[in-house]
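**Q** Test case, fold it:
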Amino acid sequence: MTRTRPAPRHSDQTKRARLRKARLLAFALLAAAGLLYVLARAFRPGHPWLGFVAAFGEAAMVGALADWFAVAALFRRPLGLPLPHTAIISANKGRIADSLGQFVQSRFLSTGKVLEAIRAFGPGRRIAKWCLREENAERIEVYLRHAARRLVEAVDGEPARALLASALASGLKAQDAGMLAARVLRVFAEDRRHQWLLDEALAQLYEFLQHDDVRQELVYAIARHMEFVPSTLNLDERVGRAILQRLYDALQTVLQAVRADHDHVLRRRFDEAVADIGDRLVNDPVFRARIQATYAELLRERDLEPALSALWDGLRHWLLGQLADRRGPLARRLGTTVRALAASLASRPQLHAWVDAQIASYAPPLIARYRRSLGLFIAAQVKTWDDTFLVDQIELAIGRDLQFIRINGTLVGGFVGLAIYTATRLIG
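**A** Residues are numbered from 1 along each chain as shown. Here you go, the predicted structure:
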């Protein structure tokens, strides 16, 4: 198995410096105890009380060396000697990794602990607060546009288009054309939105009549029906053109009047015509049968599926263009919808509770499913670490505290030795 050595972090340098200082302090105390012992032994003949100092220094050295050995044996072999039960961490790396993975599974990822953390975190409230920030709303909008583009792009290729056209054709064949048309008219009739169709039709008619070839054809048609006007010097065409101009002027006057007056008689007649067609689509069986027959005939055409496929291609091209345009109407509508949903979520605490409840209801099976996998993943990752790196990281994490064990061992050992020496002198 390949051993990995993750890149060092900047915080490791700080930990290493603090560990170095703690080691120097522990070594300085050991050196001070040794020096104290040597001096006390040297001057003891003339000063008997220095025996107490020598006993303190001797016991302090023993405590310091014993604790140094214990601390060093955790991470490496002291003095490089192959003594048993030394270099404990590297020798037991596999067992430590398995224990760590099991500990994470049983303690950190227990269902109760995770649900308690979810409740304390309050995901519904935090999600609402996060969505209210403008930069996050923009992120959501961009993500949705990208996801929609990926989805539209995925429906590509001849098989996908053929499948889509076939499904659309099957859906169309199952529809009642009369009722479908009636529903469409009912939607347009709400708030007189069908008047927009009338405006568009009148505008297109006016533009159509402005073309020179159309005007000339109408002049010829009028001239052919004016047999009482001689054709000498194209008199019939000149009369036809004059009549047509009068008709154009009258039509323009009518169009302007209809556009300006939302209660114009022609608009009311159009309202009545739409209502009458809608009523016949619902209540006139003969009319509905004619509509359905025409609809069925249209669907039997061989080029229906190619037409639907071409329709999808055009729609797909339009959708991709709209989704790519950050300032287009679709992007603006999507951004407005995202911000409206975020504001609605933020202003309704009951929705926060609902989100929390949904997460809490879905969490237990997910926790049970992935808990063991995550524990095994952690164990496997630790096992792949380089032994030196693993020892170094653990030593950086707890090594400084272990150096204080050496310091305490030096001082406590010294006082224990002093107490034993004093008791011995008193008893003797």
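**Q** Give me the distance between residue 247 and residue 253.
**A** Noted for residue 247: a distance of 11 Å to residue 253, by Cβ to Cβ, to the nearest Å. Any C-beta I mention is one placed from the backbone N, CA and C, and that applies to glycine too.
**Q** between these two, which one's more packed in?
**A** Neighbours around residue 247 and residue 253, counted as other Cβ atoms under 10 Å, are more numerous at residue 247. The numbers are 13 against 10.
**Q** I'd like to know how far that one sits from residue 213.
**A** 17 Å.
**Q** Ok, residue 384 next?
**A** 81 Å.
**Q** Between these two, point out the one with more neighbours.
**A** Neighbours of residue 384 and residue 213, each counted by other Cβ under 10 Å, are more numerous for residue 384; the result is 14 against 7.
**Q** What is the neighbour count of residue 56?
**A** Neighbours of residue 56 (other Cβ under 10 Å): 24.
**Q** same question but for residue 356, I mixed them up
**A** Residue 356: 18 surrounding residues under other Cβ under 10 Å.
**Q** Can I take it that it is in a helix?
**A** Yes: according to DSSP: H, G, I helix; E, B strand; the rest coil, the state of residue 356 is that of a helix.
**Q** Now do the contacts for it.
**A** Applying Cβ atoms under 8 Å, 6 or more residues apart in numbering, one finds that residue 356 lies in contact with 118, 119, 122, 123, 124.
**Q** Selecting buried members of these in PyMOL, what would you type?
**A** To isolate the buried ones among the contacts of residue 356 in PyMOL, judged by 16 or more other Cβ atoms under 10 Å, type:
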select buried, resi 123+124
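**Q** For residue 324, give me the pLDDT.
**A** pLDDT, residue 324: 80.
**Q** Next, the buried residues of stretch 13-22.
**A** For stretch 13-22, using 16+ other Cβ under 10 Å, the buried residues are 15, 16, 19, 22.
**Q** how about those in a markdown table, adding secondary structure and pLDDT?
**A** Listed next are the buried residues of stretch 13-22 as a markdown table, based on DSSP: H, G, I helix; E, B strand; the rest coil; pLDDT from 0 to 100:
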| residue | secondary structure | pLDDT |
| --- | --- | --- |
| 15 | helix | 87 |
| 16 | helix | 88 |
| 19 | helix | 89 |
| 22 | helix | 91 |
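**Q** Tally up the residues packed near residue 420, please.
**A** Using other Cβ under 10 Å, residue 420 is surrounded by 12 other residues.
**Q** pretty sure it is touching residue 59, no?
**A** Yes: at 7.4 Å, residue 420 counts as touching residue 59 under the criterion of Cβ atoms under 8 Å.
**Q** Just give the closest residue to residue 264, not the sequence neighbours.
**A** In this structure, residue 264 finds its nearest non-sequential neighbour in residue 258, 4.8 Å apart by Cβ to Cβ, 6 or more residues apart in numbering.
**Q** quick one: contacts for residue 399?
**A** Residue 399 touches 19, 22, 75, counting by Cβ under 8 Å, 6+ apart.
**Q** Now name the helix or strand holding it.
**A** Using DSSP states H and E, residue 399 sits in helix 387-427.
**Q** re earlier: which one of the buried residues of stretch 13-22 sits closest to residue 149?
**A** When those are compared for distance to residue 149 (Cβ to Cβ), residue 15 wins out at 46.6 Å.
**Q** and the closest one, how far is that from residue 78?
**A** 22 Å.
**Q** how does this structure divide into domains?
**A** Per automatic domain parsing, the domain ranges recorded for the chain read 10-91+386-427, 155-300.
**Q** Could you list the low-pLDDT ranges of the stretch 251-400 of the chain?
**A** For the stretch 251-400 of the chain, the stretches flagged by pLDDT under 70 are 295, 297-309, 311-312.
**Q** all strands for it, in order.
**A** Assigned strands in the stretch 251-400 of the chain: none (criterion: DSSP state E, counting those that start in this stretch).
**Q** Report pLDDT for the residue lying farthest from the centre of the chain.
**A** The outermost residue of the chain, judged against the average C-alpha position, is residue 46 (82.2 Å), by Cα atoms, centre = their mean. Note on residue 46: pLDDT of 82.
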